[in-house]
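Model the structure of this input:
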Amino acid sequence: MNSNISRRQFLQTSGAFAIGGMATPSLLARTALDQSLIEELDIRALFRANRDDALALTERVLQKCVLERILAPQPPLKHDWVQPGGPYYVGQWIWDTMFVVDLLSILPGKEQLIRDIFQNYWDFQDRWNEIVPDYAHDMVTVAIKTFPQELRQFSQIPILAWGVERVFQRNGDTQLLEQCLPRLEKFHNWFWRERDITDIGLLTVGSYSGEIQHARWETFDYECNMDDLELLKHPTREGELIEEGAWYGDMWVTGNTSYLILGEKSLVRLAEAMGDEEMAARRKPFIDKAVQAMRDYMWDEEAGTFLSVKRDTMERIPVATISSWVPLTAGVPTQDMADRMAEVLATDSWQTPLPIPTVDSKDPRWRPNGFWRGDVWPPTNYQITSGLAAYGHTELAADIADKTVANAIENGIYEHYNSETGGGLGIEDYCMSSTLVALMLDGLTEKYQLELTDKERAIHA
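Numbers count the residues shown, from 1 in each chain. Below you'll find the predicted structure:
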């Protein structure tokens, strides 16, 4: 590979992913396995619940947000894949898919299907590495889009390792770990190399396309803290790579930094489970460095949360968004910090009729139906309440979790929700809303109780 490839060549060559005149199979082309599951699986036999409405919600989530999201191979995806839902989302995303495989791993006999879903990411790594310079090696794109859609030249919230750990916790598939651990480590190394560009332990966002909105799509899309984002050239690369573009954000972001810490912790535990102490030892310094950097530079005592910061001045950006609370999920705060965060989360800035809004409701840009600018998403509520509970704030976590589930029972399963009215927004039965079941199954709710029964009872002869 030519490591001196210019930006122009880089973009031209990348287009090779999206050409070839391949026909696009129907999105209704599901796997035979998936069809039989939908017909034969007695979902209610998998679970016990204290309320029929909780069980009914669980049944719909498994059918509509998990099983019906599995599609047959479609170029360039060589294996069964996860389509999030709706006409726009035609490809396999990073963030969205992990919540599907989490619940899919509950079902008996789905080990190979889940391995195939993950193999799509590693196949992409191989294709990507063939056409890009060394510094860009081992990225996984935000979404492996079906042909003839354009290749996306940026990544997404790095929770692949977290997803693998969730599956392993549920089904104990060591073959999945053998398949994924080396690839995950390479993906994490790409993130640190290409997003921690001054080696401080904090991540920015970016895109090899040079499009600012593409960089924003690497995290929570339209967050208010990124309104002033600019893309700059890499601050240290010189000489042969001077034809690089302005691909790197001018701010460090709380969300993706937290998620990579979360992923690194998963990678350490998985490596230890496989007896790979060398890998575990390699990953731990990344965690320690990033946690300390977040505490040193992003923590704001007055705001009572973590704030994104400008890259060159380390000035904190004075708006709290949904990503300000993700450090709870990753175990970043000290206990005192977490207590202060819970105190702020309990205020009316965040306790909208349906919490947790994606920006402080006192911010002038807040809108109850704003896309990542005041709305509410089940996956963020799930992960943030998980963090609250881990720090001992179980009552606040349960209140948020119960309201999230109750609202879905009343208003239906949607991609996101209006934080004032609770009305559904976006796509119905969107895959990430499978986290409505995870809220109950992980014991985060109090009013709605759900647990697994014997897996083998779920399949009828």
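
which helices and strands does the strand or helix carrying residue 339 pack with?
In this assignment (DSSP states H and E), residue 339 forms part of helix 335-345. Helices and strands touching helix 335-345, by 3 or more Cβ pairs under 8 Å, 6 or more residues apart in numbering; DSSP states H and E, are strand 305-306, helix 326-330, helix 378-390. From N, CA and C alone the C-beta is placed, and that goes for glycine too.

mean confidence for stretch 447-459?
The average of the pLDDT scores along stretch 447-459 is 77.

and the gap between residue 83 and residue 117?
11 Å (Cβ to Cβ, to the nearest Å).

and for these two, which residues touch both?
Listed as contacting both residue 83 and residue 117 by Cβ atoms under 8 Å, 6 or more residues apart in numbering are residue 92.

ok, and the closest non-adjacent residue to residue 291?
Leaving aside its sequence neighbours, residue 291 sits nearest to residue 332 (Cβ to Cβ, 6 or more residues apart in numbering; 5.4 Å).

Ok, residue 69 next?
residue 431 is the one closest to residue 69 (Cβ to Cβ, 6+ apart), at 4.8 Å.

I figured the one you found hits residue 102, correct?
No - judged on Cβ atoms under 8 Å, residue 431 makes no contact with residue 102 at a distance of 10.8 Å.

more neighbours, the two?
Comparing residue 431 with residue 102 by neighbour count (other Cβ atoms under 10 Å), the higher total belongs to residue 431, at 29 against 24.

Relative to residue 338, how far out is that one?
Counting by Cβ to Cβ, the gap from residue 431 to residue 338 is 30 Å.

Need phi/psi at residue 428.
phi -70, psi 140 (degrees, to the nearest 10).

in the sheet, who's paired with it?
Here residue 428 sits in beta bridges with residue 414, as judged by DSSP bridges.

quick one: low-confidence ranges for the stretch 101-250 of the chain?
Filtered on pLDDT under 70, the stretch 101-250 of the chain yields the residue ranges 239-242.

For the longest helix seen in the chain, list every residue counted as buried.
With DSSP state H setting the assignment, residue counts place helix 174-195 as the longest helix in the chain. For helix 174-195, a neighbour-count test (16 or more other Cβ atoms under 10 Å) marks 176-177, 179-181, 183-188, 190-195 as buried.

Then stretch 162-174?
For stretch 162-174, by 16+ other Cβ under 10 Å, it's 162, 163, 164, 165, 166, 167, 168, 170, 171, 173.

And stretch 421-440, by the same measure?
Buried residues in stretch 421-440, counted by 16+ other Cβ under 10 Å: 422-427, 429-440.

before we move on, what about stretch 213-225?
Within stretch 213-225, the residues that qualify as buried are 214, 215, 216, 217, 218, 219, 220, 222, 223, 224, 225, counting by 16+ other Cβ under 10 Å.

For it, which outside residues touch it?
142, 152-157, 205-207, 226, 229, 231, 249, 251, 253, 255-256, 307-308, 317, 319, 321-323, 358-359, 363, 365, 370-373, 380.

and what of stretch 234-251?
Here stretch 234-251 makes contact (Cβ under 8 Å, 6+ apart) with 3-4, 6-8, 133, 135, 194-195, 197-198, 204-210, 215, 225-226, 229-233, 308-312, 317.

out of the residues you listed, which are buried?
Buried among the contacts of stretch 234-251 (16+ other Cβ under 10 Å): 7, 133, 194-195, 197, 204-210, 215, 225-226, 229, 231-232, 308-309, 311, 317.

so the closest residue to residue 180 other than its chain neighbours, which of the three states?
Leaving aside its chain neighbours, residue 180 sits nearest to residue 164 (5.1 Å; criterion: Cβ to Cβ, 6+ apart). Assigned with DSSP: H, G, I helix; E, B strand; the rest coil, residue 164 falls in the helix class.

isn't residue 164 right up against residue 174?
No - counting by Cβ under 8 Å, residue 164 sits too far from residue 174 to count as a contact (11.3 Å).

Which of the buried residues of stretch 213-225 sits closest to residue 450?
residue 220 (27.6 Å; Cβ to Cβ).

Give me the phi and psi angles of the closest one.
phi -80, psi 60.

could you list every residue that touches the nearest residue to residue 64 once chain neighbours are set aside?
Using Cβ to Cβ, 6+ apart and skipping the chain neighbours, the partner closest in space to residue 64 is residue 429 (3.8 Å). Residue 429 sits next to 60, 64, 65, 68, 85, 413, 414 when contact means Cβ under 8 Å, 6+ apart.

same check, this time on residue 270
By Cβ under 8 Å, 6+ apart, the contact list for residue 270 reads 161, 164, 165, 168, 177, 181.

Which pLDDT value belongs to it?
98.

Tally up the residues packed near residue 300, please.
Number of residues near residue 300 (other Cβ under 10 Å) recorded here: 17.

Quick check: beta-bridge partners of it?
residue 305.

you'd agree it is up against residue 306?
Yes - with contacts counted by Cβ under 8 Å, residue 300 reaches residue 306, the gap being 7.2 Å.

sorry, back to before: do you know which of the helices and strands packed on helix 335-345 lies nearest residue 90?
Of these, nearest to residue 90 by Cβ to Cβ is helix 378-390, at 20.0 Å.

Against residue 416, how distant is residue 254?
20 Å.

same check, this time on residue 152
Residue 152 is 21 Å from residue 416, by Cβ to Cβ.
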